[in-house]
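got a predicted structure here, sequence first:
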Amino acid sequence: MVSNAGPSNATGASVADTVPATITGVTANCVATGTASCGTNGTAGNAVSFTNVDIAAGAGNFLTITVAGTVNPATTGNLVNTATVTTGTGQTDPTPANNTATDTDTAAPSTDLSITKTDGSPTYTAGAPISYSIVVSNVGPGNATGASVADTVPANITGVTANCVATGTASCGTNGTVGNAVSYTNVDIAAGAGNFLTITVAGR
């Protein structure tokens with residue numbers, strides 16, 4: 001929100017906000033309340049810009065600028081975004097310390113992992129080979145890193161083997177399978193339908 005405590009009306013002011021590069025698809029919209037004008041929206045990419053802004057003095061006059069976008073799934077660390085308002089030509093601001101505002105958000109990683117497993121048949125034949133297909137995917141919104149996959153194969157299946165194939169932006173990590181305890185650690189799967197692991201577990 002951009003406001004003007006006075007004592008004079010603000011004319012020809014400008015508002016700028018350099019949105020972090022890790023936010024994509026940036027849009028900026030302005031709504032004026034009271035005696036105020038949003039001026040010209042010159043936003044291009046992540047460079048939010050409004051010029052020729054007018055805001056009359058008084059608490060009831062202000063602009064509300066909404067900046068929106070999507071955070072890259074690979075983003076880590078703090079997300080820091082600072083907006084600045086600058087007075088128009090020939091005007092001075094008695095309290096310039098409040099002409100910038102910063103929002104800082106800490107990361108709250110969220111990944112929606114899913115897993116399916118099937119041998120493709122509702123029945124089995126004792127003594128015959130059997131093979132299971134396990135598919136691990138990540139709906140997002142964040143990338144999954146350092147995940148693990150485990151499958152305790154029934155003891156009456158012998159000679160168990162496990163192999164993994166990664167599709168898209170994904171990594172099988174480390175295959176730590178021992179006997180009937182199938183295990184993959186340090187698994188990475190980027191968010192999105194095209195990224196997944198296919199683990200084939202076989203035995204008889």
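Arrived safely. Residues are numbered from 1 along each chain as shown.

give me the neighbour count for Ile55.
Close neighbours of Ile55, defined as other C-beta atoms under 10 Å, add up to 26. Heads up, the C-betas are built off the backbone N, CA and C, glycines and all.

meant to ask about Val182, not that
Neighbours around Val182, by other C-beta under 10 Å: 22.

what's the helix or strand for the nearest residue to it once chain neighbours are set aside?
Using C-beta to C-beta, 6 or more residues apart in numbering and skipping residues adjacent in sequence, the residue nearest Val182 is Asp151, 3.9 Å away. In the assignment (DSSP states H and E), Asp151 maps to strand 144-152.

test my guess that Val139 contacts Ala190.
No - with contacts counted by C-beta atoms under 8 Å, Val139 stays clear of Ala190, the gap being 11.2 Å.

so for these two, which sits in the more crowded spot?
More neighbours surround Ala190 than the other of Val139 and Ala190, with 20 against 12 (other C-beta under 10 Å).

how about that one, what does it touch?
Taking C-beta atoms under 8 Å, 6 or more residues apart in numbering, we find Ala190 in contact with Pro73, Ala74, Asn138, Asn143, Ala144, Gly168, Thr169, Ala170.

show the pLDDT at it.
Looking at Ala190, its pLDDT stands at 96.

now Ala74
Here the pLDDT value assigned to Ala74 is 86.

in a helix, Thr123, correct?
No - looking at Thr123 with DSSP: H, G, I helix; E, B strand; the rest coil, it is coil, so not inside a helix.

spatially nearest residue to the residue of the chain most remote from its centre (excluding sequence neighbours)?
Most distant from the centre of the chain: Gly127, at 48.5 Å, with distances by C-alpha atoms, centre = their mean. Spatial nearest neighbour of Gly127, chain neighbours left out: Arg204 (7.0 Å); criterion: C-beta to C-beta, 6+ apart.

measure the one you found to Phe62 for me?
73 Å (C-beta to C-beta, to the nearest Å).

the more surrounded of the two?
Phe62 (18 against 14).

my guess is the more buried one contacts Ser3. True?
Yes - contact between Phe62 and Ser3 holds when scored by C-beta under 8 Å: they sit 4.1 Å apart.
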